[in-house]
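> Here is my input; please provide its structure:
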Amino acid sequence: MTAQRAVQQATAYFDSGEFQRILARRVAQRTESQRDDRDNELQRYLQDAIGPQLIALGFTLHFIDNAEAANRPFLVAVRIEDPMLPTLLSYGHGDVVFGDDENWRDGLSPWQMVEEGDRWYARGSADNKGQHCVNLAALEQVFALRGGSLGFNCKILFEMGEEISSPGLAHLCQQHGELLQADLFIASDGPRLNAVRPTLFLGSRGAVNFRLTVNARDNAYHSGNWGGLLSNPGTQLANAIASLVNAQGVLQVEALKPNSLTPQVRDILGDIEVGGMPGDPDIDVHWGEPGLTPTERLYGWNTLEVLSFLTGNPARPMNAIPGSATAVCQLRFVVGTDWENLAQHVRAHLHQHGFDYVEVEFMRGSPATRLDPTDPLVNWVLTSMVETSGKKPALLPNLGGSLPNDVFSDILGLPTLWVPHSYPACGQHGVNEHMLKSIAREGLQIMTRLLWDLGEQGTELVAQHRAHVGGGQ
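Residues are numbered from 1 along each chain as shown. Reported below is the predicted structural model:
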């Protein structure tokens, strides 16, 4: 039996329509984690949709309560073939964002998969049900072709709260480190670079949200009677924000800029071109850090965004000077950023520019992560993707967005490799979300080949990784 045969078998399985039927059943489950009335659906997805498939593959199931979010459970599935074999940890999330049923276009529903051309429309088709369905199907193909074995040990972690920032996930990994112990991590979430180019990313940018507030007085006052005599918090806050990020979107706080855009990273990103695909917005070429390419700004630099700004009553403006103003801002950042001290850095910067009256509140944040691009595991995955797809894959040091990758890379200490099966214009988190059949098919081929090769070469690959890390590379 060869890797080529495994890919052929996976392709035949996909073309039979069985993958589509399984995905259609799973997206029909309304697993909206942002709602309080979906608890039974969230539990049922793990027990009825995912559990039986894993049991058939010889996994032992561990259903674990969430210590931080009741009724947002975890499933850890474990298959140990031989303690001497390498162990793969994978991941998926079965929860989705709000269906937003009434805003999908005519003929579409978030809970019924509809096929139109190359698209499968449904909530969760891209994020993340379609993606973990691909990976589970790949496991099935390898298991069948090897006569009931994988050639490696495998553990899979499912959560049902990723869309509400993965509460309890870090605690789970801290408390159950032995159960989740592995040698490498491969999973799928987020988008490819674009619809046609297979992609490997090695981590994610971090994100931290913070609130800026100006409280001038307890009430609003008539702008005719008091204008020019009372400070306007909206004006003050607008100018304070402008000191943090200028009119061209350039971050102005030196202490929050990264130190990790090395020549090596820039060389890797030189092979990447963002945007320009159908459905993509036009890039504002003069926006963001000067001297960087759009790709470097997205994957190698930090951006400060204003997510909301409120002063007065926007719905019913009055002729009054508001008493307060508040804004929620976000820093998207790469490794090498002192994000944990963001509030202190922002306060110091505002003080330097005369905005001592602006209150700064750290709201929440998640770390940036990145596997060393020179790790031998990276070259293995890229080579396998080329041999399977015939295309040159895109290598991203990190995703532009954020994922809970830090629990796998930092808490569990694993080399993390993400192979996404979605694309940027998939409608993720919006209406009319869809998965491309062509990507799902190619993704199944890629993952089947990867898992087949892991069964053939896993021990050697893990040894190469450990030697690389131990050598201080």
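
> need the helices for the protein, in chain order.
Applying DSSP state H to the chain gives helices spanning 3-15, 18-27, 39-44, 51-56, 129-145, 169-175, 223-226, 233-244, 263-269, 294-300, 342-352, 376-389, 406, 437-470.

> so Tyr121 makes contact with Lys437?
No: using C-beta atoms under 8 Å, Tyr121 makes no contact with Lys437, being 11.3 Å away. C-beta: built from backbone N, CA, C; applies to glycine.

> one step back: which of the helices of the chain is buried the deepest?
helix 129-145 (a mean of 24; mean count of other C-beta atoms under 10 Å).

> picking that back up, the helices of the chain: which one's closest to Phe158?
Phe158 lies closest to helix 129-145 among those, at 7.6 Å (C-beta to C-beta).

> now the closest one: mean pLDDT?
The pLDDT scores in helix 129-145 average 98.

> Who are the packing partners of that helix?
Packed against helix 129-145 by the contact rule (3 or more C-beta pairs under 8 Å, 6 or more residues apart in numbering; DSSP states H and E) you find helix 3-15, helix 18-27, helix 51-56, strand 87-93, helix 437-470.

> Might you report the residue contacts of the residue nearest the centre of the chain?
For the chain, Leu403 is the residue whose C-alpha lies nearest the centre (C-alpha atoms, centre = their mean; 3.5 Å). With contact set as C-beta atoms under 8 Å, 6 or more residues apart in numbering, Leu403 has these partners: 189-190, 204, 418.

> list the buried ones in stretch 93-112?
Residues of stretch 93-112 classed as buried by neighbour count (16 or more other C-beta atoms under 10 Å): 93-97, 99, 104, 108, 110.

> typo on my end, stretch 311-319
Neighbour-count burial for stretch 311-319, with 16+ other C-beta under 10 Å as criterion, is recorded at 311-312.

> what separates that stretch from the chain centre, distance-wise?
Stretch 311-319 has its average C-alpha position 37 Å from the chain's average C-alpha position, going by C-alpha atoms, centre = their mean, to the nearest Å.

> do stretch 247-266 as well
The answer for stretch 247-266 is 21 Å, by C-alpha atoms, centre = their mean.

> I'd like the average pLDDT over it.
Stretch 247-266 shows a mean pLDDT of 96.

> So which residues make contact with that stretch?
Here stretch 247-266 makes contact (C-beta under 8 Å, 6+ apart) with 243-246, 284, 286-290, 292, 296, 300-304, 331, 333-339, 341-342, 345-346, 348-349, 370, 373-374, 397.

> how long is that stretch end to end?
26 Å (C-alpha to C-alpha, to the nearest Å).

> quick one on the thing from earlier: which among the contacts of stretch 247-266 count as buried?
With burial judged by 16+ other C-beta under 10 Å, the buried subset of these is 243-245, 288-289, 296, 300-304, 331, 333-337, 339, 342, 345-346, 349, 370, 373, 397.
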